[in-house]
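Colleague: Next comes the sequence, and after it the predicted model I'd like to discuss.
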Amino acid sequence: MPWISEKAPEIDAARMAELMRQTVAEARKRICARPRRVLLLPPDITRAHSGVGRLTELLYQELSPEAEVHVIPTLGQHVPHTVEENRRMFGSIPEERIHAHDWRGGCVPVGEVSAEFVKQACGGVADWPIPILLNRMLIEEPWDLIINVGHVVPHEVLGFANHNKNYFIGLGGKDTICASHMLAATCGIENNLGNLVTPTRACFNKAEDDFLGRLPDLYVQVVMARNANDQLVHTGLYVGDDLETYLQAARQSRDENITIFEEPVERIVCVMQADEFVSTWVANKAIYRTRMALADGGELIVIAPGLKRFGEQPEVDQFIRKYGYCGTPKVVAGYRANADMQDLGHATAHLIHGSSEDRFTITYAPGALTAADVEGVNFQYADLAKTLARYQPERLKQGWNTLPDGERFFFIPTPSAGLWATREKLYGRAGGFGGA
């Protein structure tokens, strides 16, 4: 059960600061009375809108007068932060105390989730083991207290983000990330989204129980929703060290962050913020979170002024340019035949997640990519300036909008903060919807 839980229409900054002080007090009671070495594990810049960078700064300020406090943003395989991004995300935390995760060369093996367990968790659709490699600094250095900080929101791999995703994706090694992403893709993105415990999360729960029991850790998890003024605000906080802490946060997110339509939507327009989303690797959350709402033959328009590449690393960028978002059948066939697809399993899974399967059109209005770039990966291209002039997103509110010429569309200003789906898609899938 959570040590601390709070749910309200809006939890303001002053109250969140007080709750961080309470979190440290509880950690002192339950884990270590006088921690000397502390590790904070927040998300990366792509979750800047969640405000958890500020919570990380508050925890640092509370603990640093008597402890040596370090921070590792849980990047997974995302690009490490610049100094300016660290400052923007974490405020006054000294740069020398912030460490970049190296998913290729900075991890050590701690165990394996067996192929037998994986097969059982996913009902037989996958039958490979998940090797568990984690950040060397996390595993090999001594810690008196480890605090995971994050935002619980619907997610394409784990059903909902955060909790032990911080470890196994955010601080995971290449083999862990690749095997788990292929598991999720094989299970089907639309079966994962908005489910409390997906097969991949079940495997991570098993790994946490088997290999991380010695860690002196806890989770600080926020839930967010839009208030009456259409602002994204904190509405929940859950602090604790067990699975139920995650489940309570995820249940609140399920209630507040999933928009259900009775009929499919013909057109959705959304914005991916320039300071957070510079690659389709992360900007494709616009696709993931809206795909279950879009009508057959419908259109998703993604306004992405910061978009300048496809992958987070040069080799993944080239990989996406080579294969494109070509649909599940072609990707699965390629995975069986092509060594580069097998080596970059996480990128192969990404191609599946990012395809409309030719069911609806995906149109990107990017800041730096050309029409040839965008169309080369099987998306449609729109001019950014013309798209901004037509839709004027700064004047829109989330929800239904109609332009003077009669065009009607549903607008989403922050797709990464929720999930949009038809009732049929959400409740009609094999695993259903609801549950624990």
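Modeller: Looks like it came in fine. For clarity, every value in this text was computed on a predicted model and none was experimentally measured.
Colleague: Where does pLDDT dip in the chain?
Modeller: Low-confidence segments of the chain (pLDDT under 70): 431-432, 434-436.
Colleague: remind me, longest helix of this structure?
Modeller: helix 13-30 (DSSP state H).
Colleague: what lines up beside the helix or strand following it in the sheet?
Modeller: Where DSSP states H and E defines the elements, the next helix or strand beyond helix 13-30 is strand 37-41. Strand 37-41 has the following strand partners under DSSP bridges: strand 68-71 (parallel), strand 145-151 (parallel).
Colleague: Go through those strands and pick out the most buried.
Modeller: Across the strands paired with strand 37-41, averaging neighbours per residue (mean count of other C-beta atoms under 10 Å) puts strand 145-151 on top, at a mean of 25. (C-beta placed from N, C-alpha, C; glycine too.)
Colleague: Residues contacting stretch 9-16, please?
Modeller: With C-beta atoms under 8 Å, 6 or more residues apart in numbering as the test, stretch 9-16 has contacts from 6, 19, 51, 54, 55, 58, 227, 233, 234, 235, 236, 237.
Colleague: possible to save those residues as JSON lines with secondary structure, neighbour count and distance to residue 300?
Modeller: As requested, the contacts of stretch 9-16 are exported to JSON lines (DSSP: H, G, I helix; E, B strand; the rest coil; neighbours: other C-beta atoms under 10 Å; distance: C-beta to C-beta, whole Å):
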{"residue": "6", "secondary structure": "strand", "neighbour count": "16", "distance to residue 300": "35"}
{"residue": "19", "secondary structure": "helix", "neighbour count": "20", "distance to residue 300": "37"}
{"residue": "51", "secondary structure": "coil", "neighbour count": "17", "distance to residue 300": "27"}
{"residue": "54", "secondary structure": "helix", "neighbour count": "18", "distance to residue 300": "31"}
{"residue": "55", "secondary structure": "helix", "neighbour count": "26", "distance to residue 300": "32"}
{"residue": "58", "secondary structure": "helix", "neighbour count": "21", "distance to residue 300": "37"}
{"residue": "227", "secondary structure": "coil", "neighbour count": "12", "distance to residue 300": "26"}
{"residue": "233", "secondary structure": "strand", "neighbour count": "17", "distance to residue 300": "26"}
{"residue": "234", "secondary structure": "strand", "neighbour count": "23", "distance to residue 300": "28"}
{"residue": "235", "secondary structure": "strand", "neighbour count": "22", "distance to residue 300": "27"}
{"residue": "236", "secondary structure": "strand", "neighbour count": "22", "distance to residue 300": "29"}
{"residue": "237", "secondary structure": "strand", "neighbour count": "25", "distance to residue 300": "32"}
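Colleague: Now flag whichever of those is closest to residue 371.
Modeller: Nearest to residue 371 among the contacts of stretch 9-16: residue 51, at 36.1 Å, using C-beta to C-beta.
Colleague: Look up the closest residue to that closest one, ignoring the ones flanking it.
Modeller: Excluding the flanking residues, the one nearest residue 51 by C-beta to C-beta, 6 or more residues apart in numbering is residue 234, at 6.6 Å.
Colleague: quick one: contacts for the one you found?
Modeller: 10, 11, 16, 51, 222, 223, 224.
Colleague: mind listing which of those residues are in helices?
Modeller: Taking DSSP H, the ones among those that sit in helices are residue 16.
Colleague: which of the contacts of residue 234 count as buried?
Modeller: Buried subset of the contacts of residue 234 (neighbour count, 16 or more other C-beta atoms under 10 Å): 11, 16, 51, 222, 223, 224.
Colleague: so what's the third one up against?
Modeller: If you count contacts by C-beta under 8 Å, 6+ apart, residue 51 has them with 16, 222, 224, 234.
Colleague: Just name the closest of these to residue 249, please.
Modeller: Nearest to residue 249, judged by C-beta to C-beta, of these is residue 222 at 7.8 Å.
Colleague: The helix or strand hosting residue 177 packs against which elements?
Modeller: Using DSSP H and E, residue 177 maps to helix 174-187. Helices and strands touching helix 174-187, by 3 or more C-beta pairs under 8 Å, 6 or more residues apart in numbering; DSSP states H and E, are strand 130-135, helix 199-211, helix 345-353.
Colleague: Distance of residue 190 relative to residue 342?
Modeller: 24 Å (C-beta to C-beta, to the nearest Å).
Colleague: Can you give me the end-to-end span of stretch 45-55?
Modeller: Terminal residues of stretch 45-55 are spaced 14 Å apart (C-alpha to C-alpha, to the nearest Å).
Colleague: Return the distance of it from the chain's centre.
Modeller: What separates the centre of stretch 45-55 from the centre of its chain is 12 Å, taken as C-alpha atoms, centre = their mean, to the nearest Å.
Colleague: just stretch 145-153 next, same as before
Modeller: Offset of stretch 145-153 from its chain centre (C-alpha atoms, centre = their mean): 13 Å.
Colleague: circling back: may I see the helices and strands packed on helix 174-187 arranged in TSV, with mean neighbour count and distance to residue 66 as well?
Modeller: Putting these into TSV (neighbours: other C-beta atoms under 10 Å; distance: least, C-beta to C-beta, whole Å) gives the following:
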stretch	mean neighbour count	distance to residue 66
strand 130-135	24	25
helix 199-211	21	29
helix 345-353	24	40
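Colleague: Residue 270: which of the ones you listed is closest?
Modeller: Distance to residue 270, taken as C-beta to C-beta, is lowest for helix 345-353 among the helices and strands packed on helix 174-187, at 16.4 Å.
Colleague: So which elements touch that closest one?
Modeller: Under the contact definition 3+ C-beta pairs under 8 Å, 6+ apart, helix 345-353 sits against helix 174-187, helix 314-323, helix 328-337, helix 339-343.
Colleague: Report the distance from that helix to the chain centre.
Modeller: Put simply, helix 345-353 sits 15 Å off its chain's centre (C-alpha atoms, centre = their mean).
Colleague: repeat for stretch 342-355
Modeller: The answer for stretch 342-355 is 16 Å, by C-alpha atoms, centre = their mean.
Colleague: ok, now stretch 266-281?
Modeller: The answer for stretch 266-281 is 14 Å, by C-alpha atoms, centre = their mean.
Colleague: what's the span of it, first residue to last?
Modeller: Stretch 266-281 stretches 25 Å from its first residue to its last (C-alpha to C-alpha).
Colleague: next one: stretch 99-107
Modeller: Stretch 99-107 end-to-end distance (C-alpha to C-alpha) = 13 Å.
Colleague: which of the residues in it are buried?
Modeller: Here stretch 99-107 shows 101, 103, 106, 107 as buried, counting by 16+ other C-beta under 10 Å.
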